[in-house]
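**Student:** quick check, what structure comes out for this input:
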Amino acid sequence: MGNAALALVRFSGDVGIKARATRRQFERRLINNLRDAIASQGSSPRVHPSHDRVFVELRSRGQADALTRVFGVQSVSLVERRCGTRLPEIVSAGEELFRERVRGRRFAVRARRVGDRSRIPVKAGEVNRALGDALLPISAGVDLDDPEVTVHLEILEDATCFLSERIPAHGGVPLGAEARAVALISGGFDSAVAAWQILRRGVRLDYVFCNLGGAAHLQGALRVVKVLADRWSYGTHPQLHVIDFEGLSAALQARTETRYWQVLLKRLMLRAAEDVARERRATAVVTGDAVAQVSSQTLQNLSVISQAASGLILRPLAGSNKEEIIELAERIGTFELSKVVGEYCAMVPSRPATGASLPAILAQEEKLDLSLVDRAVAARTRIDLRGFDVEKLDLPEIEVEGVPEGATVIDLRSKAEFESWHYPGALHLEFSEALRVFPRIDRSQNYVLYCEFGLQSAHLAELMRREGFQAFHVKRGTKALRRSVERPVGAG
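**Tutor:** A predicted model of the protein is given here:
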């Protein structure tokens with residue numbers, strides 16, 4: 001325990017401004033979530049409430065990072081706690097702790113009293129002056145406006161806490177203080193960020209994933225949602241509901257007009273999510289829609305899509321720019337994973353409808369057997385996210401890191417990407433076209449497929465194997481394949 005530390009956790013404004021009964025409820029939930037955050041780091045949680053903040057014993061200073069990911073926390077500081085509350089004791093301890101930090105630098109002392117002030121024998125101003133006088137001779141002077149070092153201390157009824165600089169957290173409402181919702185998750189940037197925004201408002205989430213791309217698509221989306229579950233869902237145990245949408249997708253493509261595919265698909269997904277929400281007694285469905293970002297997200301199309309559901313739909317990103325969404329994805333840790341999953345899309349029409357009318361969409365839906373949604377939901381797989389090992393979904397039987405001799409190589413990227421660089425001798429077939437024509441190609445060949453990140457190629461290899469082909473895909477996509485080709489002879 002030589003690296004043990006004590007952290008002071010401050011409540012967010014969303015907690016502090018509540019009426020007394022509600023605040024007590026929020027504080028209990030927050031303390032429970034802090035305990036879970038520490039337990040997830042492999043330590044026995046020791047959490048001590050004190051007035052409008054909480055002290056947490058840490059096994060190491062690095063564990064403070066987990067505390068900043070507990071919603072309802074405004075900031076965290078590492079603390080040196082000393083028993084004395086009288087002026088000579090405070091000055092002596094402060095001089096000992098901060099002497100080297102202020103040496104040759106401009107500083108300020110910021111003291112405050114916390115708790116029943118009638119039981120604290122000193123005033124904050126007295127401490128500021130006395131400790132400042134003690135540190136002044138070895139410093140570069142006092143600077144109250146823009147100090148290089150700030151000596152923070154809080155004087156409690158029974159101890160004095162000397163604080164490091166504040167580590168900002170994410171504020172919000174303690175997770176679990178609100179009701180439950182389900183979030184439609186694709187694995188891309190938007191749906192993950194939308195889910196995070198709703199988690200920050202205290203809403204417990206389960207996730208619904210409508211799988212269009214087989215095991216590879218599921219693996220990519222799982223890696224994204226595991227970040228939300230493991231790093232941002234302390235105090236809850238979210239489930240992922242995996243619904244096989246390949247049959248629905250095939251029926252939609254076979255029976256409906258191409259330009260309506262995206263709107264129809266989102267209505268089907270919304271129905272599926274609402275079915276799960278009813279079973280989970282959830283109050284709302286969360287989506288990653290941002291107005292006017294893509295063709296299915298025009299106001300007219302969003303209106304038509306929304307009418308497939310009867311309950312509350314939350315769209316926290318409705319007014320967000322893509323740059324803002326990307327910045328948040330980087331901040332919460334899903335960016336690199338979502339960048340890979342975002343590649344997959346097998347149903348992008350060349351001229352999608354941007355202003356679909358409800359009568360037109362209902363006419364298209366009459367061509368579909370909507371009971372397929374109910375059957376797909378009933379047959380779904382449930383995954384306990386915090387207890388699940390994503391590596392169990394690795395696909396070693398279809399993955400290669402190079403091209404075996406004699407294999408036929410197919411590049412699934414766009415024509416421009418193919419012309420920029422391709423594997424020597426590779427054939428070019430864009431992914432959407434490959435999905436359509438692969439059953440008619442020569443089955444006597446061994447095929448190696450590659451794409452930008454390896455998701456589309458894995459899906460197609462999986463489909464081809466179901467049809468009896470010998471098909472593989474390049475693990476980690478184009479960059480990995482290009483490195484293998486360009487690596488100098490003899491390189492390790």
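**Student:** C-alpha only now, for contacts and for neighbours.
**Tutor:** Noted.
**Student:** what are the ranges of the helices in the stretch 351-492 of the chain?
**Tutor:** 358-365, 371-378, 415-420, 431-437, 455-466, 477-486 (DSSP state H, counting those that start in this stretch).
**Student:** go on, the stretch 201-350 of the chain?
**Tutor:** 214-232, 246-255, 261-279, 299-306, 322-332, 335-341.
**Student:** in a markdown table: those helices, plus mean neighbour count.
**Tutor:** Listed next are those as a markdown table, based on neighbours: other CA atoms under 10 Å:
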| stretch | mean neighbour count |
| --- | --- |
| helix 214-232 | 22 |
| helix 246-255 | 16 |
| helix 261-279 | 22 |
| helix 299-306 | 20 |
| helix 322-332 | 15 |
| helix 335-341 | 21 |
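**Student:** pipe those into CSV and attach mean pLDDT per row.
**Tutor:** Output for those, formatted as CSV (pLDDT from 0 to 100):
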stretch, mean pLDDT
helix 214-232, 93
helix 246-255, 92
helix 261-279, 97
helix 299-306, 96
helix 322-332, 97
helix 335-341, 89
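**Student:** tabulate these (a markdown table), appending distance to residue 83.
**Tutor:** What follows is the helices of the stretch 201-350 of the chain, written out as a markdown table (distance: least, CA to CA, whole Å):
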| stretch | distance to residue 83 |
| --- | --- |
| helix 214-232 | 35 |
| helix 246-255 | 65 |
| helix 261-279 | 52 |
| helix 299-306 | 60 |
| helix 322-332 | 38 |
| helix 335-341 | 45 |
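**Student:** can you tell which of those is closest to residue 361?
**Tutor:** Of all those, helix 261-279 sits nearest to residue 361, with 7.0 Å by CA to CA.
**Student:** can I get the CA coordinates of that closest one in CSV?
**Tutor:** Taking Å, rounded to 0.1, in the frame of the first residue of the first chain, the C-alpha atoms of helix 261-279 are listed here in CSV:
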residue,chain,number,x,y,z
TRP,A,261,-34.7,1.1,-47.8
GLN,A,262,-33.1,3.3,-45.1
VAL,A,263,-36.4,4.7,-43.8
LEU,A,264,-38.0,1.3,-43.8
LEU,A,265,-35.0,-0.3,-42.1
LYS,A,266,-35.0,2.3,-39.3
ARG,A,267,-38.7,1.8,-38.7
LEU,A,268,-38.1,-1.9,-38.3
MET,A,269,-35.2,-1.3,-35.9
LEU,A,270,-37.3,1.1,-33.9
ARG,A,271,-40.1,-1.5,-33.6
ALA,A,272,-37.6,-4.1,-32.4
ALA,A,273,-36.1,-1.7,-29.9
GLU,A,274,-39.6,-0.8,-28.5
ASP,A,275,-40.4,-4.5,-28.2
VAL,A,276,-37.3,-5.0,-26.0
ALA,A,277,-38.1,-1.8,-24.1
ARG,A,278,-41.5,-3.2,-23.1
GLU,A,279,-40.0,-6.4,-21.9
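**Student:** how is this protein divided into domains?
**Tutor:** If you go by automatic domain parsing, the domain ranges for the chain are 5-170, 180-393, 396-486.
**Student:** pLDDT weak spots in this structure?
**Tutor:** 1-3, 342-349, 394-395, 487-492 (pLDDT under 70).
**Student:** and the nearest residue to residue 214 once chain neighbours are set aside, how many neighbours?
**Tutor:** Using CA to CA, 6 or more residues apart in numbering and skipping residues adjacent in sequence, the residue nearest residue 214 is residue 459, 6.0 Å away. Neighbourhood size, residue 459 [other CA atoms under 10 Å]: 21.
**Student:** now swap in the one 10 residues further on and tell me
**Tutor:** Taking other CA under 10 Å as the neighbour definition, residue 469 ends up with a count of 20.
**Student:** shouldn't it be in contact with residue 441?
**Tutor:** No. Look at residue 469 against residue 441 with CA atoms under 8 Å: they stay out of range, at 9.6 Å.
**Student:** identify whichever of the helices of the stretch 201-350 of the chain lies nearest to residue 384.
**Tutor:** Minimum separation from residue 384 across the helices of the stretch 201-350 of the chain (CA to CA) falls at helix 214-232, 9.5 Å.
**Student:** quick one: contacts of that closest one?
**Tutor:** 66, 69-71, 185-188, 192, 196, 199, 209, 211, 237-238, 246, 333-334, 337-338, 340-341, 344, 385-386, 390, 393-395, 455, 458-459, 462 (CA atoms under 8 Å, 6 or more residues apart in numbering).
**Student:** what sits against residue 15?
**Tutor:** By CA under 8 Å, 6+ apart, the neighbours of residue 15 are 23, 26, 27, 72, 173.
**Student:** try it again at 10 Å.
**Tutor:** By CA atoms under 10 Å, 6 or more residues apart in numbering, the residues touching residue 15 are 22-27, 30, 52, 72-74, 171-174.
**Student:** can you put the helices of the stretch 351-492 of the chain in JSON lines and add distance to residue 288?
**Tutor:** Output for these, formatted as JSON lines (distance: least, CA to CA, whole Å):
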{"stretch": "helix 358-365", "distance to residue 288": "22"}
{"stretch": "helix 371-378", "distance to residue 288": "21"}
{"stretch": "helix 415-420", "distance to residue 288": "28"}
{"stretch": "helix 431-437", "distance to residue 288": "24"}
{"stretch": "helix 455-466", "distance to residue 288": "21"}
{"stretch": "helix 477-486", "distance to residue 288": "26"}
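**Student:** so which of those helices is the most surrounded?
**Tutor:** Neighbour counts (mean count of other CA atoms under 10 Å) averaged over each of these peak at helix 455-466, with a mean of 23.
**Student:** how far does it sit from the chain's center?
**Tutor:** 27 Å (CA atoms, centre = their mean, to the nearest Å).
**Student:** got the CA positions of that helix in CSV?
**Tutor:** Taking C-alpha atoms only, helix 455-466 is exported to CSV below (Å, rounded to 0.1, in the frame of the first residue of the first chain):
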residue,chain,number,x,y,z
LEU,A,455,-15.4,-5.7,-41.3
GLN,A,456,-17.1,-5.9,-44.7
SER,A,457,-14.6,-8.6,-45.9
ALA,A,458,-15.2,-10.6,-42.8
HIS,A,459,-19.0,-10.5,-43.4
LEU,A,460,-18.7,-11.5,-47.0
ALA,A,461,-16.2,-14.3,-46.2
GLU,A,462,-18.7,-15.6,-43.6
LEU,A,463,-21.6,-15.5,-46.1
MET,A,464,-19.5,-17.3,-48.8
ARG,A,465,-18.5,-20.1,-46.4
ARG,A,466,-22.2,-20.7,-45.6
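**Student:** returning to what we had before: pick the one among the contacts of residue 15 closest to residue 116.
**Tutor:** Comparing the contacts of residue 15 against residue 116 with CA to CA places residue 52 closest, at 12.2 Å.
**Student:** I'd say that closest one and residue 115 touch.
**Tutor:** Yes. Counting by CA atoms under 10 Å, residue 52 does reach residue 115; the two are 8.8 Å apart.
**Student:** drop anything exposed from the contacts of residue 15.
**Tutor:** Buried by 16 or more other CA atoms under 10 Å: 26, 27, 30, 72, 73, 74, 171, 172, 173, 174, out of the contacts of residue 15.
**Student:** is it true that the fifth one touches residue 64?
**Tutor:** Spelled out, it's residue 73. No. Counting by CA under 10 Å, residue 73 does not reach residue 64; the two are 11.7 Å apart.
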